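Asker: Fold the following and give me the result.
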Amino acid sequence: MAEIQDNGGSKKGKGSKQKKMAVRVDFTPMVDMNMLLITFFMLCTSLSKPQTMEISMPSNDKDITEEQQNKVKASQALTLLLDADNKLYYYEGEPNYKDYTSLKETTYTADGLRAILLRKNYDAVKKVEELKQKKANLEITEEQYKEQVADVKAGKNTPTVIIKATDKSTYRNLIDALDEMQICSIGKYVIVDITEGDQFLIDNYTSKGQLSANAVS
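Answerer: Got it, this is the predicted structure:
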């Protein structure tokens with residue numbers, strides 16, 4: 001509220017100065033109003049939910065048989081090796097320690113890793129796009145869309161991507177690789193520790209096959 005203060009009443013007369021009024025604005029009620037507004041927005045605004053990514057991690061169960069561990073078909077397996085200086089290597093199927101050219105080098109760009117994943121997962125990507133269009137046309141509900149997409153990603157003919165990072169790779173490299181899993185509708189992928197054999201593949205590739213395959217234990 002505004003309050004007018006009188007600075008004093010001098011008698012009117014010739015040569016007397018005009019009486020001045022001081023105006024003071026009281027902001028105390030604004031504090032209460034601000035608290036009410038804050039409370040209102042806190043009650044009416046929904047908190048943003050953190051976005052999470054589902055990651056399949058290898059089991060620590062020692063009772064898993066070797067046959068169960070190797071149940072992934074070699075033709076469907078793609079192994080990514082993340083190395084220093086944003087280097088990204090990959091091989092399909094089983095590793096070939098005798099031929100250093102079996103290890104390929106690519107990048108994290110759209111025409112690199114993404115192109116490889118889209119090629120191996122072409123059928124699933126096409127089906128997911130069709131489901132997106134059906135959802136946009138209101139032919140299926142959101143729940144139906146999620147359920148059918150999960151079935152497509154878990155299909156028998158979809159690839160399994162194995163991600164292995166060296167100690168010299170960065171956290172950003174891993175995040176970039178995981179982003180491509182989502183973009184390319186890869187439903188089966190795991191993050192595992194890199195092995196001595198994988199490190200040999202990288203070292204042998206960079207040395208153009210100068211290392212001996214007998215070095216792999």
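
Asker: Which pLDDT value goes with the residue nearest to the spatial centre of the chain?
Answerer: For the chain, the residue nearest the mean C-alpha position is residue 179 (4.9 Å; CA atoms, centre = their mean). pLDDT for residue 179: 94.

Asker: Select the longest helix from the protein.
Answerer: The residue-count maximum for a helix in the chain (DSSP state H) belongs to helix 28-44.

Asker: where does residue 190 land in three-state SS?
Answerer: Following DSSP: H, G, I helix; E, B strand; the rest coil, residue 190 is assigned to strand.

Asker: Verify the contact between it and residue 178 for me.
Answerer: No - Residue 190 is beyond contact range of residue 178, at 11.3 Å (criterion: CB atoms under 8 Å). Where you see a C-beta, it was placed from the backbone N, CA and C, and this is true even at glycine.

Asker: Identify the residues contacting whatever helix or strand the residue nearest to the centre of the chain lives in?
Answerer: Applying DSSP states H and E as the criterion places residue 179 in helix 171-183. Identification of contacts with helix 171-183 by CB atoms under 8 Å, 6 or more residues apart in numbering yields 53, 55, 80, 82, 86, 88, 108, 113-114, 117, 161, 163, 165, 186, 189, 191.

Asker: Weed out the non-buried ones from those residues.
Answerer: Buried members of those, counted by 16 or more other CB atoms under 10 Å: 80, 82, 88, 108, 113-114, 117, 161, 163, 165, 186, 189, 191.

Asker: mind putting the residues you listed in a markdown table, distance to residue 35, secondary structure and pLDDT included?
Answerer: As requested, the buried ones among the contacts of helix 171-183 are arranged in a markdown table below (distance: CB to CB, whole Å; DSSP: H, G, I helix; E, B strand; the rest coil; pLDDT from 0 to 100):
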| residue | distance to residue 35 | secondary structure | pLDDT |
| --- | --- | --- | --- |
| 80 | 54 | strand | 96 |
| 82 | 51 | strand | 97 |
| 88 | 54 | strand | 97 |
| 108 | 49 | coil | 95 |
| 113 | 52 | helix | 96 |
| 114 | 51 | helix | 96 |
| 117 | 53 | helix | 96 |
| 161 | 53 | strand | 95 |
| 163 | 50 | strand | 96 |
| 165 | 50 | strand | 95 |
| 186 | 50 | coil | 94 |
| 189 | 49 | strand | 93 |
| 191 | 48 | strand | 93 |
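
Asker: circling back to that earlier point, would you mark the buried spots in the longest helix of the chain?
Answerer: When burial is assessed from 16+ other CB under 10 Å, helix 28-44 yields no buried residues.

Asker: Could you export that helix as CSV, keeping only the C-alpha atoms?
Answerer: Extracted in CSV, the C-alpha atoms of helix 28-44 (Å, rounded to 0.1, in the frame of the first residue of the first chain):
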residue,chain,number,x,y,z
THR,A,28,5.2,-6.3,2.6
PRO,A,29,2.0,-7.7,1.0
MET,A,30,4.0,-8.6,-2.1
VAL,A,31,6.0,-11.1,0.0
ASP,A,32,2.8,-13.0,0.8
MET,A,33,1.7,-13.0,-2.8
ASN,A,34,5.0,-14.3,-4.0
MET,A,35,4.9,-17.2,-1.5
LEU,A,36,1.4,-18.0,-2.7
LEU,A,37,2.5,-18.0,-6.3
ILE,A,38,5.5,-20.3,-5.5
THR,A,39,3.3,-22.7,-3.7
PHE,A,40,0.8,-22.7,-6.5
PHE,A,41,3.4,-23.5,-9.2
MET,A,42,5.0,-26.2,-7.0
LEU,A,43,1.6,-28.0,-6.7
CYS,A,44,0.5,-27.5,-10.3
